[in-house]
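S.K.: need coordinates for the below:
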Amino acid sequence: MLVPRTERNGGTNIVADRVRVVIAEDSVLLREGLTRLLTDRGHEVVAGVGDAGALIKSVRELADEGALPDVVVADVRMPPTHTDEGVRAAVRLRRDHPGLGVLVLSQYVEEQYATELLAGNSRGVGYLLKDRVAEVREFVDAVVRVAEGGTALDPEVVAQLLGRSRKQDVLAGLTPREREVLGLMAEGRTNSAIARQLVVSDGAVEKHVSNIFLKLGLSPSDGDHRRVLAVLTYLNS
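M.R.: The predicted structure follows:
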């Protein structure tokens with residue numbers, strides 16, 4: 001559960017959500033850097049570990065104590081083989097704890113791992129390139145968004161998966177602009193952010209989003225999940 005926190009900004013109280021995070025990164029310097037980025041912005045890093053086994057153990061112990069974290073931030077490649085231990089642990093944690101958000105970091109776009117992570121559970125998942133950490137605000141926003149059940153996908157990941165999806169038929173009914181809007185949705189952008197990116201009105205984006213839902217067969221009964229289901233249809237096509 002996200003914990004409300006209050007901070008002061010120019011004498012005004014601002015209520016935000018404090019996210020409880022577990023960080024899994026074998027580089028001590030990067031792990032400590034991520035911890036500092038998050039704690040400086042009022043979030044709580046409840047554990048920092050250096051390998052996949054320790055990650056699973058830490059989350060299990062926290063869950064047993066009734067203190068499951070909101071989100072795990074994990075490197076894709078971790079000891080001992082530095083191949084796929086991190087993402088394997090992330091997939092396992094998503095299976096064992098459906099309410100846990102998982103944000104994985106990777107040096108490169110590894111399509112197979114991204115697809116495997118995004119399959120199944122449709123909420124609280126992210127895949128960012130490590131270079132994105134340098135953009136501090138975007139990184140912290142991504143952590144919070146994933147903790148709240150949203151998605152946070154690196155534009156490079158989206159671009160590669162889009163290239164693959166063009167070979168499939170499931171999105172054939174979408175116009176080029178609707179594909180563009182759906183791609184930005186997959187990055188985790190709001191309608192207003194999409195409108196700014198495309199230099200169009202909010203109303204135009206809302207119309208495109210409605211058309212996307214209609215063409216993908218997502219009825220209003222799917223509620224707020226329609227946006228996530230649309231993104232998953234796009235990524236898994």
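S.K.: quick one: mean pLDDT for stretch 132-144?
M.R.: For stretch 132-144, mean pLDDT rounds to 88.
S.K.: in that stretch, which residues are buried?
M.R.: Using 16 or more other C-beta atoms under 10 Å as the test for burial, stretch 132-144 gives Arg132, Val133, Phe139, Val140, Ala142, Val143, Val144. Glycine gets a C-beta too; all of them are placed from N, C-alpha and C.
S.K.: what's the answer for stretch 195-204, then?
M.R.: Residues of stretch 195-204 classed as buried under the neighbour-count rule (16+ other C-beta under 10 Å) are Ala195.
S.K.: identify the residues contacting Val87.
M.R.: Val87 is in contact with Ala74, Val76, Val104, Tyr113, Glu116, Leu117, counting by C-beta atoms under 8 Å, 6 or more residues apart in numbering.
S.K.: give me the pLDDT value at the closest residue to His43 other than its chain neighbours.
M.R.: Nearest non-adjacent residue to His43, counting by C-beta to C-beta, 6 or more residues apart in numbering: Val19, 4.6 Å away. pLDDT, Val19: 95.
S.K.: adding distance to Ala195 and secondary structure, write the contacts of Val87 out as CSV.
M.R.: As requested, the contacts of Val87 are exported to CSV (distance: C-beta to C-beta, whole Å; DSSP: H, G, I helix; E, B strand; the rest coil):
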residue, distance to Ala195, secondary structure
Ala74, 33, strand
Val76, 32, coil
Val104, 29, strand
Tyr113, 32, helix
Glu116, 32, helix
Leu117, 29, helix
